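[1] I'll drop the sequence and a predicted model, then ask my questions.
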Amino acid sequence: MKKIWSSSILLMLGLMLAGCGNEQSNSGETAEKKTSNNTEPEIMTDNLGNEVEIPDNPEKVLASYLEDYLVALDVTPVAQWSIYDGESIQEYLQADLEGIPLIPHDLPYESVLEYEPDLIVIRDPIEQDMYDQYAQIAPTYVLNSSPTEWRATLEEIGEVLGKEEKAQSVLESYKEKAKEKAEELAEVVKGESAAAIWMVNNSLFVVHPERSSGAVLYEDLGLEIPEVVSELSSDADWAAISLEELAKMNVDHLFFINSDGPNAEMLEDRLWQNIPAVQNEQVYEFGPETSWLYYGPIASEQVMDNVVESITNRVQ
Amino acid sequence: MNLRMVLTKNYKSFLFFLLLLIVIISLFSLVTGYLSISLSDIWSTITGEGTKRNQLLLIEFRLPRLLVAILAGASLGVAGTLFQGVTQNELADPGIIGINSGAGLAVVLFLTVRSSQVSSSTLINAISLPVAAFIGGLMAAVCIYMIAWKKGITPIRMLLVGIGINAGFGALLTMLQLRMNERDFNQVAIWLSGSIWNAHWPAVFSLLPWTLLLIPISMYKARTLNILQLGDQMAVGLGVSLELERAKLVTIGVALAGVSVSVAGGISFLGLGAPHIARKLIGNKHERLLPVAACIGALILLISDILARNLLAPAEVPVGIIVSILGAPYFLYLLVNSEN
């Protein structure tokens, strides 16, 4: 039961992120940097229009649900995102975040105060009243970049943390790796299509071709987008798709994120069993603990590894 | 009832006891919570020698919240007493008859309009939100009056129409909410469930003048409320201009309920339960009933807030849900018993 809850919350988060994605990409992107002089404190304007005085070399950074970026920038957060006292955490980051204490996803003031951070970075635009309370604990910066653009987010967080160069080098090495892997894939499965399907609470969702793991599949690795996927692409990271539509989808490789476990009803359905990719055994299953549902440099890289490994293993 | 007689006789000491209880529970509320702080820490913080952490914790997070709970609880208790006095029905409550959802709707409308304007300062919010809530609540009250009017108002008609209005306004609210951007949606969702978890000093200051003004005015009106209790004919016979007085009392009640909604959200049942408990304790004389109802309302919300903060700490249960969990069975009990 609790698992369903946490899955639903993930789903909601995904839809919410998607919902505000578009608006922000127009308004944001340009975090003004007024001074970069070393003698004066650095002031950056955040998404709420607050002029935030960024401390030099913050040591205790709190950036809930942005841990992916911190890890990529070699910054250890003081606490990490969680739901229901650890019922749900970002499993795919635990290799780097093990032992980091948990903080509830809604960031109660007292929990934030407990860790006495010296910089708070927040993804979603919050109410100014709440912002004022957080800002009393530590300088608080609300990101300008769109939640659906992990590269811009990484650059912005890099700027806030004074790690612009590290951010650039992460982007560079990701780009190189993506290029290399795309070529590797092109040798074995040129022109073949792929899709990522997420099953949660016995419903199916297909990834948006430009978002989250979808961006990795199509933009970074150059796999073909099945027709149905580009038609379905709505404003959500994951668009609902019926089993019937999925059965009709002409797709070579199906990446299947299963949040319902191996005994899900759907898997027994004749329609499911008749999906061409299922019959050809070109379905690759991943659990909800993998990074397929997330954004960020680490998440994307892990998805990339998953894809390449799955397909090359299959083809050999 | 024996207890009632004893309490009525020693009314002043009883009221003093209630106030003392509020102070004690307030202190308890300050020391409980996710982060621990001792009474001596509180003392050193008050005298200005505390750590920055304790100062933030007490002065900026817990104290405004505590004050909002007390003020909103007292306002709702008094508002409920006024509505029950006017409608002559112990089941009347600003939450049940749609005043709260009217106020809520107005706040949501206000936020929707505002979000298209320039950014809002906290100060402007603190002043304008209660006013918007008051207008919305008044709108609901006028609707109820117009629909329930049939050569005058019968209390039971008023109550039933109110329940309908509540549902209607609730539906409008949901419709509006679905058309919002995420940030406004979040703010609305937070206080719709009756939450004071982000209470801060501006919220206290936006409540304070209203309660300081309106609670004494309602006490001043205690005599009128007593006369209304004798029935319409008797009241007219005693020289009360019935509809005018009713309208005045309803307006005060709406204002009190509205401002507490604008800060603490849709807390239901408090306006019902607090006056009812107070009436059991001290009887029907409004000059005693109103202050006691205010204290009981403050106490209930204070205790609910302690529960809300600590049950799932550090996560929170919206305080309105706690009040409802405590209040719903009480409401049903009243309904069942009122048959007799």
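    Thanks, I have the structure now.
[2] Give me the distance from the one helix or strand residue A:278 maps to to the chain's centre.
    Using DSSP states H and E, residue A:278 sits in helix A:276-279. Taking Cα atoms, centre = their mean, to the nearest Å, one finds helix A:276-279 lying 28 Å from the centre of the chain it belongs to.
[3] Packing partners of that helix?
    strand A:253-258 (3 or more Cβ pairs under 8 Å, 6 or more residues apart in numbering or on different chains; DSSP states H and E). C-beta: built from backbone N, CA, C; applies to glycine.
[4] Quick one: mean pLDDT over the helix holding residue A:278.
    Averaging pLDDT along helix A:276-279 gives 86.
[5] Please apply the same query to stretch A:217-227.
    Mean predicted lDDT for stretch A:217-227 stands at 91.
[6] What of stretch B:280-290?
    For stretch B:280-290, mean pLDDT rounds to 90.
[7] in it, what counts as buried?
    By 16 or more other Cβ atoms under 10 Å in any protein chain shown, the buried positions in stretch B:280-290 come out as B:281-283, B:285-286, B:288-290.
[8] And it, end to end?
    13 Å (Cα to Cα, to the nearest Å).
[9] What are the contacting residues of it?
    Residues from elsewhere that reach stretch B:280-290 (Cβ atoms under 8 Å, 6 or more residues apart in numbering or on different chains): B:1, B:3-4, B:7-8, B:11, B:14, B:78, B:81, B:85, B:215, B:218-219, B:221-223, B:225-226, B:229, B:275, B:278-279, B:292, B:296.
[10] next one: stretch A:270-290
    Contacts for stretch A:270-290 (Cβ under 8 Å, 6+ apart): A:7, A:10, A:91-92, A:200, A:243-244, A:246-247, A:249-259, A:266, A:292, A:302-303, A:306, A:310-311, A:314.
[11] Stretch B:130-139 now?
    With Cβ under 8 Å, 6+ apart, stretch B:130-139 has contacts from B:94, B:99-100, B:102-107, B:109-110, B:206-207, B:210, B:251, B:254-255, B:257-259, B:261-263.
[12] show me the contacts for residue B:87.
    Residue B:87 touches B:155, B:158-159, counting by Cβ under 8 Å, 6+ apart.
[13] Can you tell me which residues in chain A are near chain B?
    When proximity is defined as Cβ under 8 Å from any Cβ of the partner chain, chain A approaches chain B at A:16, A:19-20, A:23, A:48-49, A:84-85, A:103-104, A:106, A:108-111, A:113-114, A:116, A:124-130, A:132-133, A:136-137.
[14] Of the residues you listed, which belong to strands?
    Cross-referencing the residues of chain A next to chain B against strands under DSSP state E gives A:103-104.
[15] Which ChimeraX command selects the buried ones in the residues of chain A next to chain B?
    Entered in ChimeraX, the line below selects the buried ones among those, by 16+ other Cβ under 10 Å:
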select /A:16,19,20,48,84,103,104,108,109,110,111,113,114,124,125,126,127,128,129,130,132,133,136,137
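[16] Could you pick out which of the contacts of stretch A:270-290 are located in helices?
    Using DSSP state H, the members of the contacts of stretch A:270-290 that fall in helices are A:7, A:10, A:243-244, A:246-247, A:302-303, A:306, A:310-311, A:314.
[17] out of the buried residues of stretch B:280-290, which one sits closest to residue A:209?
    Nearest to residue A:209, judged by Cβ to Cβ, of the buried residues of stretch B:280-290 is residue B:290 at 64.0 Å.
[18] where are the low-confidence patches of the stretch 151-300 of chain A?
    Residue ranges of the stretch 151-300 of chain A with pLDDT under 70: A:233.
[19] what's the burial count for the residue in it positioned nearest to chain B?
    For the stretch 151-300 of chain A and chain B, the shortest gap (Cβ to the nearest Cβ) falls at residue A:235, measuring 12.4 Å. Close neighbours of residue A:235, defined as other Cβ atoms under 10 Å in any protein chain shown, add up to 14.
[20] what does residue A:196 give?
    Using other Cβ under 10 Å, residue A:196 has 29 neighbouring residues.
[21] What lies in contact with the strand or helix carrying it?
    Counting by DSSP H and E, the element that carries residue A:196 is strand A:194-200. With contacts defined as Cβ under 8 Å, 6+ apart, strand A:194-200 is touched by A:7-8, A:10-11, A:204-207, A:213-214, A:217, A:223-226, A:229, A:238, A:241, A:246, A:249, A:251-260, A:264, A:266, A:288, A:292-293, A:307.
[22] lowest-confidence helix or strand of chain B?
    Among the helical and strand segments of chain B, the one scoring lowest on mean pLDDT, DSSP states H and E is helix B:182-192, with a mean of 69.
[23] Downstream of that helix, the next helix or strand is which one?
    Per DSSP H and E, the first helix or strand lying C-terminal to helix B:182-192 is helix B:201-220.
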